[in-house]
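A.B. asks: sequence? don't have it. structure:
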């Protein structure tokens with residue numbers, strides 16, 4: 001073979017490799033476009049990133065999972081709900097679209113607020129364990145046959161609860177307990193069945209691990225300014241925390257089953273719950289907080305899995321990001337003279353939550369329209385769509401506390417700037433109140449709520465901004481200027 005011929009073959013080989021890489025990168029962009037913002041809709045077997053919090057929950061060390069919307073609570077919940085081992089069983093109890101009034105009507109009158117729902121939650125936990133025992137091959141066949149007559153039911157959660165507290169169900173339950181545990185006196189009502197159920201589980205659930213997962217509990221978190229509704233909802237949630245602790249304590253020194261009820265709750269709801277024992281809950285709480293370094297790890301993992309669903313060796317963040325966005329910097333400012341890397345540009349528009357990056361990258365991939373790389377031009381184009389998404393996210397979170405949130409955003413928009421004094425925002429806000437667009441007159445309360453959710457931050461000095469999503473201990477300083485989160489600029493028409 002001549003030297004020229006060998007050289008020609010080498011060139012052709014390199015061109016084929018480039019074409020192959022180009023094809024792979026196009027497929028990668030197409031895969032990113034299919035990402036889902038909701039954890040329960042995502043391909044969790046492919047994209048779930050195993051964080052240290054998983055092991056803490058799995059061991060039973062932590063069982064209160066607290067985090068902002070979009071921080072990954074549902075993804076964690078779905079991970080445990082998908083456990084398929086011979087001695088591990090899990091059931092997710094979702095309260096999405098749940099008729100909460102049915103729960104409010106089932107309080108235990110022997111207790112005062114906020115403890116009157118503890119019995120209900122314990123009853124629900126133990127009844128769910130009984131359902132899971134049907135899947136456990138190690139449970140005595142006779143017990144399982146009896147349980148199946150009561151708990152082999154796939155109707156909705158609300159229907160199951162109504163069935164479980166019915167008088168006929170209670171008599172059947174007592175009959176089972178008498179056969180299995182030799183219980184004596186027939187309980188008068190469902191409230192007295194809790195001890196009966198606890199004994200039944202303790203004596204017959206074997207040595208397996210059972211997870212009862214409470215998720216989407218914010219469904220009735222609305223109009224909390226309404227004192228009566230807020231107190232009912234707060235008591236219900238507080239009772240759940242206490243019920244979970246009671247169950248954990250009852251089984252902590254027992255050689256039998258490992259009973260692990262786990263609560264997944266938004267951090268703003270958790271902060272509104274007031275109870276004398278709340279400080280003690282911190283020992284069992286997982287806070288899902290994110291920073292840029294942690295986010296880079298999960299992004300590198302997701303991009304690696306987008307390239308290869310079964311990849312064992314995760315790419316470095318730099319390599320994974322370059323495959324999607326290249327190495328070009330992105331211009332900023334009116335003349336585009338200031339340049340930053342694409343990750344930092346996107347990061348400034350987010351609240352440093354996994355969901356924010358999933359949405360931004362998904363939108364970029366869709367806008368790429370067959371291209372093998374996402375360019376700075378595409379990122380800037382998507383920035384407006386992401387801003388609208390972020391405004392909708394804030395609206396969903398804040399509506400329970402500030403029903404006029406849409407008009408409050410309009411008041412900020414009318415300032416036409418992102419940096420202003422407290423006096424300026426107060427005047428714009430009170431103008432909306434005077435014109436009848438906003439009912440809440442306490443502007444300081446509104447500003448504190450906006451700061452709590454990081455809609456606004458403080459500007460203590462030139463070039464420095466303090467937002468609560470970056471510093472959990474931060475509180476609004478009324479003596480400093482206020483800035484709007486950059487991710488809202490486009491949706492609020494701030495130039």
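C.D. replies: Nice, thanks for sending it over. Please read all numbers here as calculations on a predicted model, not as lab measurements.

A.B. asks: Might you list the low-confidence residue ranges for the chain?
C.D. replies: Across the chain, the ranges flagged by pLDDT under 70 are 1-25, 109, 111-112, 166-190, 222-228, 334, 495.

A.B. asks: Now do the strands in this structure.
C.D. replies: For the chain, applying DSSP state E gives strands covering 64-67, 88-94, 209-215, 258-266, 285-287, 330-332, 338-340, 419-420, 456-461, 464-466, 481-484.

A.B. asks: Can you list the strands that the shortest one pairs with?
C.D. replies: Applying DSSP bridges, strand 419-420 is found paired with strand 481-484 (antiparallel).

A.B. asks: Could you list the residues in contact with the strand it pairs with?
C.D. replies: 412, 418-422, 425, 447, 455-459, 465, 492, 494 (Cβ atoms under 8 Å, 6 or more residues apart in numbering). Glycine gets a C-beta too; all of them are placed from N, C-alpha and C.

A.B. asks: For residue 324, give its distance to residue 302.
C.D. replies: 10 Å (Cβ to Cβ, to the nearest Å).

A.B. asks: and the strands of the chain as JSON lines, adding mean neighbour count and distance to residue 135?
C.D. replies: Formatted as JSON lines, the strands of the chain follow (neighbours: other Cβ atoms under 10 Å; distance: least, Cβ to Cβ, whole Å):
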{"stretch": "strand 64-67", "mean neighbour count": "23", "distance to residue 135": "24"}
{"stretch": "strand 88-94", "mean neighbour count": "19", "distance to residue 135": "5"}
{"stretch": "strand 209-215", "mean neighbour count": "24", "distance to residue 135": "10"}
{"stretch": "strand 258-266", "mean neighbour count": "23", "distance to residue 135": "15"}
{"stretch": "strand 285-287", "mean neighbour count": "18", "distance to residue 135": "26"}
{"stretch": "strand 330-332", "mean neighbour count": "16", "distance to residue 135": "52"}
{"stretch": "strand 338-340", "mean neighbour count": "12", "distance to residue 135": "52"}
{"stretch": "strand 419-420", "mean neighbour count": "16", "distance to residue 135": "58"}
{"stretch": "strand 456-461", "mean neighbour count": "18", "distance to residue 135": "49"}
{"stretch": "strand 464-466", "mean neighbour count": "14", "distance to residue 135": "50"}
{"stretch": "strand 481-484", "mean neighbour count": "20", "distance to residue 135": "51"}
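
A.B. asks: Compile those into CSV and extend it with columns for distance to residue 161.
C.D. replies: Formatted as CSV, the strands of the chain follow (distance: least, Cβ to Cβ, whole Å):
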stretch, distance to residue 161
strand 64-67, 22
strand 88-94, 10
strand 209-215, 13
strand 258-266, 16
strand 285-287, 27
strand 330-332, 53
strand 338-340, 53
strand 419-420, 50
strand 456-461, 41
strand 464-466, 45
strand 481-484, 44
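
A.B. asks: Out of those, flag the one nearest residue 29.
C.D. replies: strand 330-332 (17.8 Å; Cβ to Cβ).

A.B. asks: where does that closest one sit relative to the chain's centre, distance-wise?
C.D. replies: 32 Å (Cα atoms, centre = their mean, to the nearest Å).

A.B. asks: what's the most centrally placed residue in the chain in contact with, if anything?
C.D. replies: Centroid-nearest residue in the chain, with Cα atoms, centre = their mean: residue 73, separated by 3.3 Å. Listed by Cβ under 8 Å, 6+ apart, the contact partners of residue 73 are 39, 65, 67, 215, 264-266, 288.

A.B. asks: if you set the cut-off to 6 Å instead, what comes out?
C.D. replies: Shown in contact with residue 73 (Cβ atoms under 6 Å, 6 or more residues apart in numbering): 65, 67, 264.

A.B. asks: what's the answer for residue 346, then?
C.D. replies: With Cβ under 6 Å, 6+ apart, residue 346 has these contacts: residue 360.

A.B. asks: Neighbours of residue 293, how many?
C.D. replies: 8 (other Cβ atoms under 10 Å).

A.B. asks: ditto for residue 34
C.D. replies: There are 12 residues near residue 34, going by other Cβ under 10 Å.

A.B. asks: Show me how the record splits the chain into domains.
C.D. replies: Listed domain ranges for the chain are 3-32+292-383, 39-287, 399-488 (source: automatic domain parsing).

A.B. asks: Can you give me the distance of the closest residue in space to residue 428 that isn't next to it in sequence to residue 255?
C.D. replies: The shortest distance from residue 428 to any non-neighbouring residue, by Cβ to Cβ, 6 or more residues apart in numbering, is to residue 411 (4.8 Å). Going from residue 411 to residue 255 by Cβ to Cβ gives 61 Å.

A.B. asks: More neighbours: which of the two?
C.D. replies: residue 411 (22 against 6).

A.B. asks: Show the contacting residues for the more buried one.
C.D. replies: 428-429, 432.

A.B. asks: most neighbours, which of these?
C.D. replies: residue 429 (23 neighbours).

A.B. asks: I'd say that one and residue 441 touch.
C.D. replies: No. Applying Cβ atoms under 6 Å, one finds residue 429 not in contact with residue 441, separated by 9.3 Å.

A.B. asks: contacting residues around stretch 251-262?
C.D. replies: In contact with stretch 251-262 (Cβ under 6 Å, 6+ apart) are residues 60, 63, 125, 202, 205, 208-213, 244, 247.

A.B. asks: For residue 383, the count of nearby residues, please.
C.D. replies: Based on other Cβ under 10 Å, the number of other residues close to residue 383 is 20.

A.B. asks: separation between it and residue 268?
C.D. replies: For residue 383, the distance to residue 268 - Cβ to Cβ - is 26 Å.

A.B. asks: ok, now residue 286?
C.D. replies: Relative to residue 268, and taking Cβ to Cβ, residue 286 is found at 16 Å.
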